[in-house]
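Asks: Next come a sequence and a model predicted from it.
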Amino acid sequence: MQSSRFSSPTQYNGRQTQLANGDPTMAQYVHLGSCCDDCVQAIANDDYTGMDDQREAEVRAGIDRIGQYLTVGDEEGFSWQGCDVCGGLAGNRHEVGYLTD
């Protein structure tokens, strides 16, 4: 099974989508993988409510490691795979990627 950890933006299944009907001046969305509910909450709202100190540190470290303009997308449902952002255990997943210049 291929690891979902990534060393480059397109390693996760090579999915890269250009926004605005291919306009090269617009940002591109690069799909990274799937993230957990905690990461969605942190990425979308900068909200760490309900996380203990250790969990908050894990989520922050994952977001900082990627260091891009992260965005979350559609819910993908339950997965046994770890979160591609924080490495968390199985659970509900959402699409995650980032926007390029």
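Replies: Received, thanks. Numbers count the residues shown, from 1 in each chain.
Asks: Give me the buried positions along the top strand by length along the chain.
Replies: Among the segments of the chain that qualify as a strand by DSSP state E, the longest is strand 69-79. Residues of strand 69-79 classed as buried: 70-72 (neighbour count, 16 or more other Cβ atoms under 10 Å). C-beta here means a position set from N, CA and C on the backbone, and glycine is covered the same way.
Asks: chain center to stretch 88-98, what's the gap?
Replies: 6 Å (Cα atoms, centre = their mean, to the nearest Å).
Asks: pLDDT averaged over that stretch - what is it?
Replies: Stretch 88-98 carries an average pLDDT of 90.
Asks: Can you tell me what sits against that stretch?
Replies: Here stretch 88-98 makes contact (Cβ atoms under 8 Å, 6 or more residues apart in numbering) with 9, 29-40, 43, 58, 66, 68-85.
Asks: coming back round to it: Asp47: which of the buried residues of strand 69-79 is nearest?
Replies: Val72 (12.7 Å; Cβ to Cβ).
Asks: list the contacts for the closest one?
Replies: Contacts of Val72 by Cβ under 8 Å, 6+ apart are 35, 39-40, 43-44, 94-96.
Asks: what bridges to it?
Replies: Taking DSSP bridges as the rule, Val72 bridges to Val96.
Asks: where does the protein have low pLDDT?
Replies: For the chain, the stretches flagged by pLDDT under 70 are 1-26, 68, 101.
Asks: quick one, longest helix in it?
Replies: Determined from DSSP state H, the single longest helix within the chain is helix 53-66.
Asks: Let's see that one as PDB, backbone CA atoms only.
Replies: Taking C-alpha atoms only, helix 53-66 is exported to PDB below (Å, rounded to 0.1, in the frame of the first residue of the first chain):
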ATOM      1  CA  ASP A  53      -2.400  20.400  25.000                       C
ATOM      2  CA  GLN A  54      -0.800  17.400  23.400                       C
ATOM      3  CA  ARG A  55      -3.400  17.100  20.700                       C
ATOM      4  CA  GLU A  56      -3.200  20.800  19.900                       C
ATOM      5  CA  ALA A  57       0.600  20.500  19.600                       C
ATOM      6  CA  GLU A  58       0.300  17.600  17.200                       C
ATOM      7  CA  VAL A  59      -2.100  19.500  15.000                       C
ATOM      8  CA  ARG A  60      -0.100  22.700  15.000                       C
ATOM      9  CA  ALA A  61       3.100  20.800  14.200                       C
ATOM     10  CA  GLY A  62       1.400  19.100  11.200                       C
ATOM     11  CA  ILE A  63       0.100  22.400   9.900                       C
ATOM     12  CA  ASP A  64       3.500  24.100  10.400                       C
ATOM     13  CA  ARG A  65       5.300  21.200   8.700                       C
ATOM     14  CA  ILE A  66       3.300  21.700   5.500                       C
END
